[in-house]
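# Need a 3D model of the sequence below.
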Amino acid sequence: MALAMATMSIGLTGTTAQAGTGHHGSHHGSSHATGWYVALGDSLAAGYQPNAGDDKTGGYVGAVLAAEKRTARKTKLRNLACSGETSTTLVDGGRCDYVKGNQLDQALAFMRAHRRTTSLVTMTIGANDVTPCLRATDQNACIQERLAVLGANLHTSLAKIHAAAPDARIVVTNYYNPYLALYFTNPALAQQTSGLQMALNSTIATVTAPYGTTVDVASAFQSYDTTVVGGVPTNVSRICTLTWMCSLNDIHANDDGYALIGATVAAALPRARGHRH
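Numbers count the residues shown, from 1 in each chain. Okay, the predicted model is just below:
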């Protein structure tokens, strides 16, 4: 069990971390685009899948871009996401290579250069901050410490993003819980990870509120639905259907999972508005 946890608690990483130097994503377009969509975050934002790597124009970001283009057809994408990113490496660097040193500063430089045309920013960050707590001796202390760091980093990031692109809609996703798949080997531990997920998602929602909209990916994945159907809780079967966790022991979404995240974010776009302070 300990070995299995060590294997799975790599978090939202990926195999290679190459991002943000201006060579990824479909951002090669006219500087006179109707609007720019800037995608930030970890491997979910990078569209990572096992045996395939990152897909920065696909994943959920690709679906969100398609939704944007239905109302603003000239929208262009700048995806700066980094597989394995934490909220700390987001602001300090060290995970992926960026001309500006880190993902946040790379994004801010782009937004300042496109202040009037940055229309949407999405972010998925935080899971890699807390996943190591699954191995901690004192999980509660670990979670409290790491969520405090996440909260501070997320606040700093969103405040700077808002200042750089004050009219842009800021949309932050919360997380599904891939570790529900532990139900098949350790049901008690699987249930325990739900508490970690709720604490993580609560922190994300609280910090995001002054700056933008939190999209409830957890509910889309029915993360808290423990209704037993066919002998298996609904939330567990959804993880098996929408991620690679039950087939490849990999936490990332599959095509269906990314499509669902994309649809959930897209559904929130009409009510997401830029926040003016």
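
# Quick check: mean pLDDT of the helix or strand Thr156 falls within?
Using DSSP states H and E, Thr156 sits in helix 139-164. Across helix 139-164, the average pLDDT comes to 97.

# Same check on stretch 37-53?
Per-residue confidence for stretch 37-53 averages out to 97 on the pLDDT scale.

# Look up how far Arg112 lies from Val215.
From Val215 across to Arg112, the span is 25 Å (C-beta to C-beta, to the nearest Å). In this view, the C-beta of every residue, glycine as well, is placed from N, C-alpha and C.

# The two: who's more crowded?
Neighbours of Val215 and Arg112, each counted by other C-beta atoms under 10 Å, are more numerous for Val215; the result is 27 against 12.

# Identify the bridge partners of the more buried one.
The partner list for Val215 in beta bridges (DSSP bridges) reads Thr173.

# I'd assumed Thr173 was in contact with it.
Yes: Val215 is within contact range of Thr173, at 4.8 Å (criterion: C-beta atoms under 8 Å).

# hey, what's in contact with both of those two?
Jointly contacting Val215 and Thr173 under the rule C-beta atoms under 8 Å, 6 or more residues apart in numbering are Thr264, Val265.

# Any regions of the stretch 51-200 of the chain where pLDDT drops low?
By pLDDT under 70, the stretch 51-200 of the chain contains no weakly predicted segment.

# one step back: and the helix holding Thr156, what's buried?
The neighbour-count criterion (16 or more other C-beta atoms under 10 Å) identifies 139, 142-143, 146-147, 150-151, 153-155, 157-158, 160-162, 164 as the buried residues of helix 139-164.

# again, but for stretch 127-134
For stretch 127-134, a neighbour-count test (16+ other C-beta under 10 Å) marks Ala127, Asn128, Asp129, Val130, Thr131, Cys133, Leu134 as buried.

# Among those residues, which ones are in helices?
Assigned to helices by DSSP state H, the following of these qualify: Ala127, Asn128, Asp129, Val130.

# just those now: which is nearest Ala263?
Of all these, Ala127 has the smallest distance to Ala263: 20.2 Å, by C-beta to C-beta.
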